[in-house]
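Asks: Starting from these lines, generate the structure:
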Amino acid sequence: MSAQTFRISDAVLRRAFEFNNISLENREDEMILFGIRGALPAAPNESLLDYSGHMQFEESHLLQRVNINYYYPRCLIGQWLPSQRKVAVFLSSTVPNLKLVERNRKRMHQFNCMQPGFYDYIKGQHPRSSSGFQQHRALRLNSSITLRRANYTMSAGQPVINYGASAAISIGNPGDNIHCARNNPSTTRVRSIRGNSYSTSFCLSDYYSSYGCQVITGCPPQYIPSGQSNGNWNAWDKFISNVYDDIAENQNTFKYLLLNSIDVYNAAKANASESSLIKVRYGSTGSMVERLQRGLAATRSASTGNPYYSGSIDGDFGRGTGQALIKFQKDNFNGNAYGCAGENTFRSLGVPI
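Replies: This next block holds a predicted model:
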């Protein structure tokens, strides 16, 4: 992918919300979280970039689109303060880690990939039980999501994972929390960290702990071995301190908008609402969702004869609307399903966008 740079800002996020029919009503005073899948802070040589400046709240940050590879953190999770019109971004991954898949093949069926949407989180511990890894402060998924599961295969000795439109897609709550990536500062790559020095090798290491959770590079300070120091490399510590101890100390629930970088890039470059950029997805509300629901209710499955949607026309894209949309897309797009509706889906339903 050639470098495609864009700025993330209050204005761009508001436009992305508009294009995805997601309301900010009664949320202007909250901290809102967002994820950009396939993006990093922009720099001539991204591997040499010090990301710590992007963790500060500013009016905007310069980003670039990058390819996802399921080995390295190639995403960003951000915190947005609409009332102050400021944003901060943290090096993250919003997809599973293939090294973790390779090490835990017996649990391959548990690996999933959260699809773009607008979801609910609450403060809580991760993991949810005290068994396994040491618990730490995190944000726990508190809603259903659109998710994909994919078969893990080998090709020419290399692992292959596909979360494309043909992969299994469903609506549910797999417990995809927002937690630390559990990078280990005692590894050989990062033993040189001292004081507040920064190590891109650490933050871009090819292992992070995610079966499908949204993870931010770093770890809680109590995980850092004796002799090692906390510092600017630890994006997680800064992120969770903002949530629990500082800016959002009195906020218990958080909305999280996950989008692909192409959607945010297009929102940043658009001058006005363009029909090709308008979508409805899990968490969308309003008249566009009502049109989708009416279209699905008026269309019958050729295999069952039943309408795809039989729920309320309430303009709220939730579990029922998502399941109906997935069934319609599978039947009408050669077995492929996207979990969101844009121009092609509305046209297939005979509904104007």
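Asks: pLDDT-wise, which helix or strand of the chain ranks last?
Replies: Lowest mean confidence among the helices and strands of the chain (mean pLDDT, DSSP states H and E): helix 200-203, at a mean of 50.
Asks: Give me the buried positions along whichever helix or strand comes after that one.
Replies: Once the chain leaves helix 200-203, the next helix or strand it forms, by DSSP states H and E, is strand 214-216. Under the neighbour-count criterion of 16 or more other Cβ atoms under 10 Å, strand 214-216 has 214-216 buried. All C-beta atoms are positioned from the backbone trio N, CA, C, and that covers glycine.
Asks: got a list of contacts for strand 214-216?
Replies: Here strand 214-216 makes contact (Cβ atoms under 8 Å, 6 or more residues apart in numbering) with 35, 73, 77, 90-94, 114, 176-182, 208-209, 235-236, 239, 256, 258.
Asks: Just those residues: which are in helices?
Replies: 235-236, 239 (DSSP state H).
Asks: Excluding sequence neighbours, find me the nearest residue to residue 337.
Replies: residue 329 (4.2 Å; Cβ to Cβ, 6 or more residues apart in numbering).
Asks: need the helices for the stretch 51-200 of the chain, in chain order.
Replies: 98-103, 200-203 (DSSP state H, counting those that start in this stretch).
Asks: hang on, the earlier thing: select only the buried ones of the contacts of strand 214-216 in PyMOL?
Replies: Per 16+ other Cβ under 10 Å, the buried members of those correspond to this PyMOL selection:
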select buried, resi 35+73+77+90+91+92+93+94+114+176+177+178+179+180+181+182+208+209+235+236+239+256+258
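Asks: Next step: the contacts of strand 214-216 restricted to strands.
Replies: Taking DSSP state E as the definition of strands, those contribute 35, 77, 90-93, 114, 178-180, 256, 258.
Asks: need those residues in CSV with pLDDT and distance to residue 10, can you?
Replies: Shown next, in CSV, are the ones in strands among the contacts of strand 214-216 (pLDDT from 0 to 100; distance: Cβ to Cβ, whole Å):
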residue, pLDDT, distance to residue 10
35, 98, 17
77, 98, 17
90, 94, 17
91, 90, 21
92, 93, 20
93, 94, 25
114, 97, 24
178, 97, 21
179, 95, 27
180, 92, 27
256, 98, 17
258, 98, 18
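Asks: With distance to residue 18 added, can I get those residues in JSON lines?
Replies: What follows is those, written out as JSON lines (distance: Cβ to Cβ, whole Å):
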{"residue": "35", "distance to residue 18": "18"}
{"residue": "77", "distance to residue 18": "21"}
{"residue": "90", "distance to residue 18": "24"}
{"residue": "91", "distance to residue 18": "27"}
{"residue": "92", "distance to residue 18": "24"}
{"residue": "93", "distance to residue 18": "27"}
{"residue": "114", "distance to residue 18": "22"}
{"residue": "178", "distance to residue 18": "24"}
{"residue": "179", "distance to residue 18": "30"}
{"residue": "180", "distance to residue 18": "32"}
{"residue": "256", "distance to residue 18": "18"}
{"residue": "258", "distance to residue 18": "17"}
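Asks: from the buried residues of strand 214-216, which is closest to residue 3?
Replies: residue 216 (23.8 Å; Cβ to Cβ).
Asks: And the pLDDT for the closest one?
Replies: For residue 216, the pLDDT comes out at 94.
Asks: Kindly list the longest strand within this protein.
Replies: Longest strand in the chain, counting by DSSP E: strand 117-126.
Asks: In that one, which of the residues would be classed as buried?
Replies: So for strand 117-126, counting by 16+ other Cβ under 10 Å, buried means 117-121, 123, 126.
Asks: pLDDT below threshold where in the stretch 251-353 of the chain?
Replies: Across the stretch 251-353 of the chain, residues meeting the criterion (pLDDT under 70) sit at 272-273.
Asks: quick one: the strands in it?
Replies: 253-260 (DSSP state E, counting those that start in this stretch).
Asks: Could you pull out the helices in it for me?
Replies: Along the stretch 251-353 of the chain, the segments classed as helices by DSSP H, counting those that start in this stretch run 261-269, 287-298, 319-332, 343-348.
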